[in-house]
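>>> With the input below, show me the fold.
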Amino acid sequence: MVKKKDVAKKGKTDVSTDVIDMTVDAGRGLEGADKDSYAIPFLAILQGLSPQVGTVKNAVPGKFINTITDEVFDEVLIIPCAFQRRFLCWAPRDEGGGFKGSYSPLEVESGKLEGMTKNDMGIPMIGDDTLSDTRIHYVLMQNAAGSWTPAVLSLSRTQIKKSKRLMSLIQGRELPHPKNKKETYNPPSFSHTYRLTTVQEENAKGKWWGLAMEVDKLIKSAPLYNAGRAFCEQVFAGEATTAEPQPEDSEGAF
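Numbers count the residues shown, from 1 in each chain. You can find the predicted model right below:
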């Protein structure tokens with residue numbers, strides 16, 4: 001029969017005091033993963049009807065949330081890396097809502113999309129499903145630990161004007177040309193960081209939390225700049241797989 005004191009003694013001598021060198025196995029265990037094995041999270045603004053409110057710690061309307069990690073932020077630094085415009089298809093609210101795919105602006109605005117009609121307000125529909133004009137910004141966002149990770153900022157309805165403002169801020173950047181100091185040039189979108197905050201907005205239909213932004217600073221870190229460029233290339237190579245879009249009901253912006 002094994003005595004308790006023998007077990008305790010054996011356990012103590014089996015504990016190694018050496019530091020484990022994990023660098024020799026860096027990346028191991030993920031060899032079978034491809035681009036569809038990961039999902040880029042959405043960076044969303046919490047609204048009164050957001051499902052995370054009341055279930056995620058510190059999740060209150062007016063804050064930002066990473067929809068995969070559930071990290072909550074008062075403000076966020078981002079690096080815009082790529083942009084796409086899509087029409088997202090949403091099922092009716094009284095049928096449970098839900099995302100049903102997306103279409104290009106050419107498909108929708110040409111009027112040639114099969115089964116498409118427009119309602120009395122001029123909003124495109126496919127059957128009872130609504131097509132929502134959506135501006136999609138692929139960004140690197142800084143998390144609480146200070147690291148930069150990919151995310152998607154999806155803006156529709158009243159927030160389309162915020163997307164246009166961000167695009168104008170990006171287009172308005174000018175730097176001295178390195179080969180001709182008398183000239184300036186428009187650097188890539190991933191040359192600067194931008195600070196995002198939220199503001200409360202309202203119209204005749206209700207109140208919600210919207211996006212506010214300002215230019216932060218020029219990126220001087222080569223690794224960070226290269227990470228932004230790599231993410232840009234990944235998006236346009238079709239290698240960026242996003243998480244399921246947030247239901248429009250939770251956005252709160254009319």
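
>>> Check Ser250 and give its pLDDT.
We have a pLDDT of 48 for Ser250.

>>> Find the residue at the geometric middle of the protein.
Centroid check for the chain by C-alpha atoms, centre = their mean gives Val152 as the closest residue, at 2.0 Å.

>>> my read is that residue is in a helix, agree?
No: assessed with DSSP: H, G, I helix; E, B strand; the rest coil, Val152 is strand; it does not lie in a helix.

>>> separation between it and Met213?
Applying C-beta to C-beta, to the nearest Å, the value for Val152 to Met213 is 16 Å. For glycine as for every other residue, the C-beta is placed from the backbone atoms N, C-alpha and C.

>>> does Thr23 count as helix, strand or coil?
Three-state call for Thr23 (three-state DSSP): helix.

>>> State the pLDDT value of it.
The model's pLDDT for Thr23 equals 74.

>>> how far away is it from Gln84?
From Thr23 over to Gln84 (counting by C-beta to C-beta), the distance is 37 Å.

>>> Kindly report the same for Asp216.
With C-beta to C-beta as the criterion, Asp216 and Gln84 are 23 Å apart.

>>> Just give me the neighbour total for Ile79.
By other C-beta atoms under 10 Å, 25 other residues sit near Ile79.

>>> and it, what does it touch?
Under the criterion of C-beta atoms under 8 Å, 6 or more residues apart in numbering, the neighbours of Ile79 are 139-141, 148, 189-190, 192-194, 219, 224, 228.

>>> gap between the two ends of stretch 62-81?
Its start and end residues considered, stretch 62-81 measures 25 Å (C-alpha to C-alpha, to the nearest Å).

>>> no wait, stretch 230-245
Terminal residues of stretch 230-245 lie 23 Å apart, using C-alpha to C-alpha.

>>> thinking again about what came up before, who has more neighbours, Asp216 and Gln84?
Taking other C-beta under 10 Å, Asp216 and Gln84 do not tie; Gln84 has more neighbours (17 against 14).

>>> So the residue nearest to that one when sequence neighbours are not counted, which state does it fall into?
Nearest in space to Gln84, with sequence neighbours left out and distances taken as C-beta to C-beta, 6 or more residues apart in numbering, is Ile136 at 4.6 Å. Look at Ile136: counting by three-state DSSP, its state is strand.

>>> what do you get for Val60?
Here Val60 is coil, with the state taken from three-state DSSP.

>>> What residues does it make contact with?
By C-beta under 8 Å, 6+ apart, the neighbours of Val60 are 46, 53.

>>> With Tyr225 instead?
So Tyr225 contacts 190-191, 219 (C-beta under 8 Å, 6+ apart).

>>> let's see it at 7 Å
Tyr225 sits next to 190, 219 when contact means C-beta atoms under 7 Å, 6 or more residues apart in numbering.

>>> got the buried residues for the helix or strand hosting it?
Assigned by DSSP states H and E, Tyr225 falls within helix 222-236. For helix 222-236, burial by neighbour count (16 or more other C-beta atoms under 10 Å) applies to 224-225, 227-228, 231-232, 234-235.

>>> Only the buried residues of stretch 63-83, if you could.
63-67, 71-73, 76-83.

>>> Flag whichever of the residues you listed scores worst on pLDDT.
Within the buried residues of stretch 63-83, Thr67 has the lowest pLDDT, namely 92.

>>> Name the nearest residue to that residue, sequence neighbours excluded.
Closest to Thr67 by C-beta to C-beta, 6+ apart is Phe42, at 4.4 Å.

>>> Report pLDDT for that neighbour.
At Phe42, pLDDT is 94.

>>> how about stretch 51-61: buried residues?
52-53, 56, 59, 61.
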